[in-house]
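Visitor: What follows is a predicted protein model with its sequence.
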Amino acid sequence: NAGVTQTPKFRILKIGQSMTLQCTQDMNHNYMYWYRQDPGMGLKLIYYSVGAGITDKGEVPNGYNVSRSTTEDFPLRLELAAPSQTSVYFCASSPLGGYTFGSGTRLTVV
Amino acid sequence: GQQLNQSPQSMFIQEGEDVSMNCTSSSIFNTWLWYKQDPGEGPVLLIALYKAGELTSNGRLTAQFGITRKDSFLNISASIPSDVGIYFCAGQLGGSTLGRLYFGRGTQLTVWP
C-alpha cells in the first residue's frame, strides 16, 4: 500500500518554464489537496478537489492549475515558473478527516 | 484565510524533559489535529481530536481539544532524540469547508542528548 506518491522529489526550473507535479493515491480517497510549505510559514492550500472532475481554489492559487480526471490522480501545473514559486509542495488525500501526505516535491525556480 | 497561532516557534530541550506547545484561533473549529514532520518528509498525523474537552493520548503524546473549541494543546512527556522535528497543529471548520485543514506555522523541536 503506497499511500500518496509524489514525483519528482526535486526539480530546478528556469524562470518562465512550465512543469507538472504528479500526485497519485491508492486509498480511494475522494478528497485531495495541494499545499506549499515555505520556511516558518506552515502549509498554505493551493487547490483542492472533492472528487473526480471537481476542483476549487485554496488560499494561494495564482500561478497554478489543477485537474482531477480520476480519483487516483491530482496533478499540479505551473505554466510560467517564477522565483516566488520556489517552495516545497505537498499533496495530501483524505476520506474526510485526517490527511495522508506525500513526501513532497522540492522546487527551485532560478 | 483562517489564522492559527502556534507557540512556541521553537524549543531546545534536554532528553527526558517534558514539552508543551499550543495552538489558538479566533474561529471555532470542529476538529483539531496534530502532525509531526521529519526533515525531507511530509507531515504525519499524531493525534486527532473531535470533541470539545477531549483528551487523547498516543504513547508519550497527549493532546487536548479546548473547551472553547478555539484552542488545542500538545504535550510530550520524557522526550527522546527521535522526537526532533516540526510539530504542526491543524484545524477543520466543518460545514461547507469540505474537510479543508488550516495549519499553524509549526514548532521546531530540538532535543539534546
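Guide: Good, I have the coordinates.
Visitor: Report the distance from the one helix or strand in chain B whose mean pLDDT sits lowest to the chain centre.
Guide: Within chain B, no helix or strand scores below strand B:101-103, which has a mean of 89 by mean pLDDT, DSSP states H and E. Chain-centre distance of strand B:101-103: 11 Å, with C-alpha atoms, centre = their mean, to the nearest Å.
Visitor: ok, that strand: who's next to it in the sheet?
Guide: Applying DSSP bridges, strand B:101-103 is found paired with strand B:85-92 (antiparallel).
Visitor: And the contacts of the partner strand?
Guide: A:42-43, A:97, B:2, B:4, B:6, B:21-23, B:25, B:27, B:29-39, B:43, B:46, B:72, B:74, B:99-104, B:106-109 (C-beta atoms under 8 Å, 6 or more residues apart in numbering or on different chains). Any C-beta I mention is one placed from the backbone N, CA and C, and that applies to glycine too.
Visitor: A:Lys44 against A:Gly58, yeah?
Guide: Yes: at 7.4 Å, A:Lys44 counts as touching A:Gly58 under the criterion of C-beta atoms under 8 Å.
Visitor: so where does the residue in chain B that chain A sits nearest to fall, helix or strand?
Guide: Ranking the residues of chain B by distance to chain A (C-beta to the nearest C-beta) places B:Gly42 first, at 3.2 Å. B:Gly42 is part of no helix or strand, with elements assigned from DSSP states H and E.
Visitor: Not counting its neighbours along the chain, what's nearest it?
Guide: A:Phe101 (3.2 Å; C-beta to C-beta, 6 or more residues apart in numbering or on different chains).
Visitor: Would you quantify the distance from the one you found to A:Val88?
Guide: To A:Val88, A:Phe101 is 11 Å away according to C-beta to C-beta, to the nearest Å.
Visitor: which one of those two has more residues nearby?
Guide: A:Phe101 (23 against 18; other C-beta atoms under 10 Å in any protein chain shown).
Visitor: Residue numbers of chain B in contact with chain A?
Guide: Within chain B, the positions near chain A by C-beta under 8 Å from any C-beta of the partner chain are B:1, B:4, B:6, B:9, B:31, B:33, B:40-45, B:48, B:88, B:92, B:98-101, B:103-106.
Visitor: now with 10 Å?
Guide: Listed as neighbours of chain A in chain B under the rule C-beta under 10 Å from any C-beta of the partner chain: B:1-2, B:4, B:6, B:9-10, B:31, B:33-35, B:37-38, B:40-48, B:50, B:86, B:88-90, B:92, B:97-106, B:108.
Visitor: So which bits of stretch A:57-76 are buried?
Guide: Buried residues in stretch A:57-76, counted by 16 or more other C-beta atoms under 10 Å in any protein chain shown: A:Gly58, A:Val60, A:Pro61, A:Tyr64, A:Val66, A:Ser67, A:Arg68, A:Thr71, A:Glu72, A:Phe74, A:Pro75, A:Leu76.
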